[in-house]
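sharing a model prediction with you, sequence too.
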Amino acid sequence: MDNIIYTENLSKSYKGVKAVENVCLQVKRGEIYGFLGLNGAGKTTTIRMLLGMIRPSSGSCFVNGQKVSAGNYEIWKQVGYMVETPYAYPDLTVRENLEIASNHHKIQDKSTIDRVIERLDLIPYEHRKAKHLSMGNSQRLGIAKALLHEPQVLLLDEPTNGLDPAGIVEIRELLQELAYKKGTTIFISSHILGEISKIATKIGIIHQGQLVQELRKEELDKNRIVKLLINTKDRNEAKITLAGLGYDFWENENGVLETQSEDAVNHPENIAKALVKGNHPPTLLLVEEEDLESYFLRVIGEKGGA
Ligand SMILES: Nc1ncnc2c1ncn2[C@@H]1O[C@H](COP(=O)(O)OP(=O)(O)OP(=O)(O)O)[C@@H](O)[C@H]1O
């Protein structure tokens, strides 16, 4: 079984309100799974069930090949997590907080703390009390705690919250290094779609408690709409010229000509040549790929209620 995290018809209702409904998700070893959803879609509820923090109404979850249940403490030795706002003892320093976490995990090698402080760029703040940290640095401390015992599985709820752009890149590189070099399996929930598209190897889209799509990065790349946008001085005439050559262009909502024809998208140079030959030189020639945000909105729109 190489699914490190999976769920079987996982559901959770709160007083009749279905927060998560029949979710079956699968995450393989070394995968970075991006769990995407709007506010209230059911991301945190799912992560909390994966971590055994709340009990499912029905269905089950498995982490590291073991069923998550109240008495099963074995699982957590190999799992690191950060859910919502990372918790730290406010009056203790960054180093002291990590020492407590290190004792909790029974880590003997004290240089582990130095390494994690360095890895998360926390050296300038190691003697600062947690309550005086910026949001971004609190987030770094949360991630440091999650990584301290070098877990095989990491579950992170919105890990880049509060980080500046440089911090986001650093965390992205750190997570990629863990997945690619150490085979760490990483489950990240996020609403920062651009971020997820840069890092995830598989994506799950949750909407109104249901997993509406689960697909690998390559499938996402294949499913994304790619279009060729062109503009010329006389769009109507250009459209007629191109139609004569078998290309179906239409004027889109931004007043430029658009096609999704594979031939045109793959060979925009042929379109440029045809336009020049027909005396309609292009003022715009652009191949545009649907970004994850548009894809996400299209998928949940198709399921209703975007
Ligand atoms: N303890 C609770 N009691 C009642 N309803 C709850 C509870 N926790 C979550 N819900 C409801 O379950 C649904 C899913 O919430 P959840 O927090 O899992 O969504 P989310 O995708 O994490 O959203 P966000 O991105 O806003 O954190 C929401 O409708 C929420 O109001």
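Yep, that arrived.

and the spatially closest residue to Val116 that is not a sequence neighbour, how close does it get to the ligand?
Sequence neighbours aside, Ala144 is the residue nearest to Val116 in space, at 4.7 Å (criterion: C-beta to C-beta, 6 or more residues apart in numbering). All C-beta spots, glycine's among them, are computed from the backbone N, C-alpha and C. For Ala144, the distance to the ligand (C-beta to the nearest ligand atom, to the nearest Å) stands at 23 Å.

what does the one helix or strand Ala144 maps to rub up against?
Taking DSSP states H and E as the criterion, Ala144 maps to helix 135-147. With C-beta atoms under 8 Å, 6 or more residues apart in numbering as the test, helix 135-147 has contacts from 80-82, 85-88, 94, 97-98, 101, 116-117, 119-122, 125, 130, 133, 154, 156, 159-164, 167, 171, 174, 178.

burial count for the closest residue to the ligand within the stretch 51-200 of the chain?
The nearest approach of the stretch 51-200 of the chain to the ligand comes at His191, 6.0 Å away (C-beta to the nearest ligand atom). A count of neighbours around His191, defined by other C-beta atoms under 10 Å, yields 16.

my guess is it meets Leu38, correct?
Yes - the pair His191 / Leu38 is scored as a contact, 7.2 Å apart, by C-beta atoms under 8 Å.

could you list the low-pLDDT ranges of the stretch 1-150 of the chain?
Flagging of the stretch 1-150 of the chain using pLDDT under 70 yields the residue ranges 1.

go again with 50.
Across the stretch 1-150 of the chain, nothing is flagged by pLDDT under 50.

how about the strands of it, start to end?
Per DSSP state E, counting those that start in this stretch, the stretch 1-150 of the chain carries strands over the ranges 3-14, 17-23, 26-28, 32-36, 58-63, 66-67, 79-82.
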